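A.B. asks: The sequence isn't on hand, but the structure is:
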Ligand SMILES: NC(=O)C1=CN([C@@H]2O[C@H](COP(=O)(O)OP(=O)(O)OC[C@H]3O[C@@H](n4cnc5c(N)ncnc54)[C@H](OP(=O)(O)O)[C@@H]3O)[C@@H](O)[C@H]2O)[C@@H](O)CC1
Ligand SMILES: Nc1ncnc2c1ncn2[C@@H]1O[C@H](COP(=O)(O)OP(=O)(O)O)[C@@H](O)[C@H]1O
Ligand SMILES: [Mg+2]
């Protein structure tokens, strides 16, 4: 297990070259947020914008659209059931996130299948939240590469069928390899299983135990994937940035509020980036 501290990442952080424009920093598509869990999509998109993605689009239930415009005007937003628009976006994005607050009903299943059917080969796909539960039902034809899953322990139990008490690194590693997945297994000191290696994030705190914290991580990971060419490094950097920013907030605040974590990202990144 490789322990990840600030020092490990010092040469990995993305740079913002002078000769650049928004396209340089990646197009992120986030498919998230049903009628009940609209906040999850907004939190994920907020984290993508504030961690520095060039262009962020949220595909969500139409009921959420005006809230997205009001709380995150930097993001573009579409109805996730508009197949033509979704297809156009999926075909021309640097990374796709699917699942935060998506739900597991028929609408969610059909959007998940549509995404799996249409995502171009080699576009990174991050599967989180409800979409992990959909994947765990094993009713989807699934062979996309590269795919990243970001489960908490119960979601990993549902997907891997390894009980929480038995989720040991060697067991997790075997399953990650078998399923051909990069796994960000979230808990205190989150572990990342990627390309036959295991990394452990030496940051994070109990102030993070609040709804929406994992949704926020997906947005940060999507940005890092756009900007750091090596996928394992992108996952390590994004997960560390999330927990490290939370640690800075926890020095003064007892609870780390997810959207506040996102708002703190530009300053944390400025400190960490070369
Ligand atoms: N604002 C919004 O819109 C928000 C929307 N959200 C969206 O909601 C959807 C459902 O996601 P979910 O994570 O809330 O529910 P689920 O997958 O059933 O897991 C909970 C069960 O697992 C258990 N458990 C065991 N270990 C655990 C662990 N380490 N971490 C966490 N749980 C653990 C836990 O045990 P218990 O708490 O009962 O002890 C409980 O039985 C998903 O799409 C998500 O994106 C949320 O992000 C919130 C904000
Ligand atoms: N006690 C804790 N210590 C450190 N990190 C924590 C703790 N509790 C939760 N987290 C972090 O918060 C996030 C929770 O993710 P998740 O359960 O998916 O949240 P949600 O689905 O509500 O957005 C993960 O990144 C996890 O590592
Ligand atoms: Mg979650």
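C.D. replies: Yes, it's here. Predicted, not measured: the structure shown is a model, and the values here were computed from it. Numbers count the residues shown, from 1 in each chain. Ligands and ions are numbered 1, 2, ... in the order given.

A.B. asks: and the closest residue to ligand 2 within the stretch 1-150 of the chain, what is it in contact with?
C.D. replies: The nearest approach of the stretch 1-150 of the chain to ligand 2 comes at residue 129, 5.5 Å away (CB to the nearest ligand atom). Glycine gets a C-beta too; all of them are placed from N, C-alpha and C. Residues near residue 129 by CB atoms under 8 Å, 6 or more residues apart in numbering: 32, 40, 99, 100, 101, 102, 155, 214, 215.

A.B. asks: of all those, which two lie farthest apart?
C.D. replies: Maximum pairwise distance in those, criterion CB to CB, is 15.0 Å, between 32 and 155.

A.B. asks: residues near the residue in the chain positioned nearest to ligand 2, how many?
C.D. replies: In the chain, the residue that lies nearest ligand 2 is residue 214 (2.1 Å; CB to the nearest ligand atom). Residues within reach of residue 214, counting by other CB atoms under 10 Å, total 24.

A.B. asks: Do you know the pLDDT at residue 274?
C.D. replies: The predicted structure scores residue 274 at 72 on the pLDDT scale.

A.B. asks: ok, it - contacts?
C.D. replies: Here residue 274 is in contact with 10, 11, 13, 15 (CB under 8 Å, 6+ apart).

A.B. asks: Try it again at 10 Å.
C.D. replies: 10, 11, 12, 13, 14, 15 (CB atoms under 10 Å, 6 or more residues apart in numbering).

A.B. asks: can you tell me the helix or strand for the closest residue in space to residue 204 that isn't next to it in sequence?
C.D. replies: Using CB to CB, 6 or more residues apart in numbering and skipping the chain neighbours, the partner closest in space to residue 204 is residue 243 (3.7 Å). Assessed by DSSP states H and E, residue 243 sits inside helix 231-250.

A.B. asks: buried stuff in the next helix or strand after that helix?
C.D. replies: The helix or strand immediately downstream of helix 231-250 is helix 258-272, counting by DSSP H and E. Going by neighbour count (16 or more other CB atoms under 10 Å), the buried part of helix 258-272 is 258, 259, 261, 262, 264, 265, 268, 269, 272.

A.B. asks: re earlier: what about the residue nearest to residue 204, how many residues nearby?
C.D. replies: Quick note: residue 243 (other CB under 10 Å) scores 25 neighbours.

A.B. asks: Would you mind listing what in this structure touches ligand 3?
C.D. replies: 129, 214 (CB under 5 Å from the ion).

A.B. asks: Which residue does the chain have closest to ligand 3?
C.D. replies: Here the chain gets closest to ligand 3 at one residue, residue 214, 3.2 Å apart by CB to the ion.

A.B. asks: Name the helix or strand for that residue, please.
C.D. replies: Here residue 214 is assigned to helix 213-227, by DSSP H and E.

A.B. asks: between that helix and helix 231-250, how big is the angle?
C.D. replies: 130 degrees (axes from the mean of the first three to the mean of the last three CA atoms, to 10 degrees).

A.B. asks: Distance from the chain centre to helix 213-227, please.
C.D. replies: Counting by CA atoms, centre = their mean, to the nearest Å, helix 213-227 is centred 4 Å from the centre of its parent chain.

A.B. asks: for the buried residues of helix 258-272, which one is nearest residue 134?
C.D. replies: residue 258 (22.9 Å).

A.B. asks: Per-residue pLDDT of the residue nearest to that closest one when sequence neighbours are not counted, please?
C.D. replies: Once flanking residues are discounted, residue 258 sits nearest to residue 212: 3.9 Å by CB to CB, 6+ apart. pLDDT recorded at residue 212 is 98.

A.B. asks: about what we covered before: and the helix holding residue 243, what's its mean pLDDT?
C.D. replies: For helix 231-250, the per-residue pLDDT averages 98.

A.B. asks: Residue 43: what's it in contact with?
C.D. replies: Applying CB under 10 Å, 6+ apart, the residues near residue 43 are 30, 32-33, 37, 71-72, 100-101, 211-219, 258-259, 261-262.

A.B. asks: who does the helix holding residue 243 touch, helix- and strand-wise?
C.D. replies: Contact here means 3 or more CB pairs under 10 Å, 6 or more residues apart in numbering; DSSP states H and E; on that basis helix 231-250 packs against strand 2-4, helix 38-50, strand 147-149, strand 182-185, strand 191-194, strand 197-201, helix 213-227, helix 258-272.
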